[in-house]
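> give me coordinates for this.
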Amino acid sequence: MHEFSLVSDLLETVMKSAEENGIKSVSKVKLTVGECHGALPEALSFAFMALSGDTVCSGAELDIDIKSGLLLCTACGHSFSYEILQTMCPECGSVYLDIISGRELRVDYYEGE
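Residues are numbered from 1 along each chain as shown. Model prediction:
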């Protein structure tokens, strides 16, 4: 479950920023996750609850925004929406696909006082 490692890094980032800005308590963390990233939102939420307990993020809401994935066929130039287990271009059947968007995993912002 690599989500625990991802959330651990996320918490470190938020805690460092909160300390630098004099924030003692974080109430909300807004996270964007691309659907091509591979991180499961439910697992991220669980890991956040489990790991944030003794931090400035204790009790904070984790708001996860899922960003749609977009693939590009490098053979024919066709772009199309990501679907799980998509392995071929629907236009030409090529397996040479690049992910244009949907790999994101970032903290957009956090709120606190």
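> rest of the way, CA atoms for contacts and neighbours
Noted.
> which residue is nearest the centroid of the chain?
Residue closest to the average C-alpha location in the chain (C-alpha atoms, centre = their mean): residue 33, at 2.5 Å.
> next, that residue: secondary structure please.
When classified by DSSP: H, G, I helix; E, B strand; the rest coil, residue 33 comes out as strand.
> ok, what's across the strand from it?
When bridges are called by DSSP bridges, residue 33 pairs up with residue 66, residue 105.
> list the contacts of it.
39, 41, 64, 65, 66, 67, 102, 103, 104, 105, 106 (C-alpha atoms under 8 Å, 6 or more residues apart in numbering).
> could you redo the last one with a cut-off of 7 Å?
The neighbours of residue 33, taking C-alpha atoms under 7 Å, 6 or more residues apart in numbering as the test, are 64, 65, 66, 67, 104, 105, 106.
> what about those, which one has the most neighbours?
Counting neighbours by other C-alpha atoms under 10 Å, the top entry in the contacts of residue 33 is residue 105, with 21 neighbours.
> surely that residue is in contact with residue 36?
No. Between residue 105 and residue 36 there is no contact under C-alpha atoms under 7 Å: 10.0 Å.
> next, count neighbours for the nearest residue to residue 111 once chain neighbours are set aside.
Leaving aside its chain neighbours, residue 111 sits nearest to residue 28 (5.1 Å; criterion: C-alpha to C-alpha, 6 or more residues apart in numbering). Neighbourhood size, residue 28 [other C-alpha under 10 Å]: 17.
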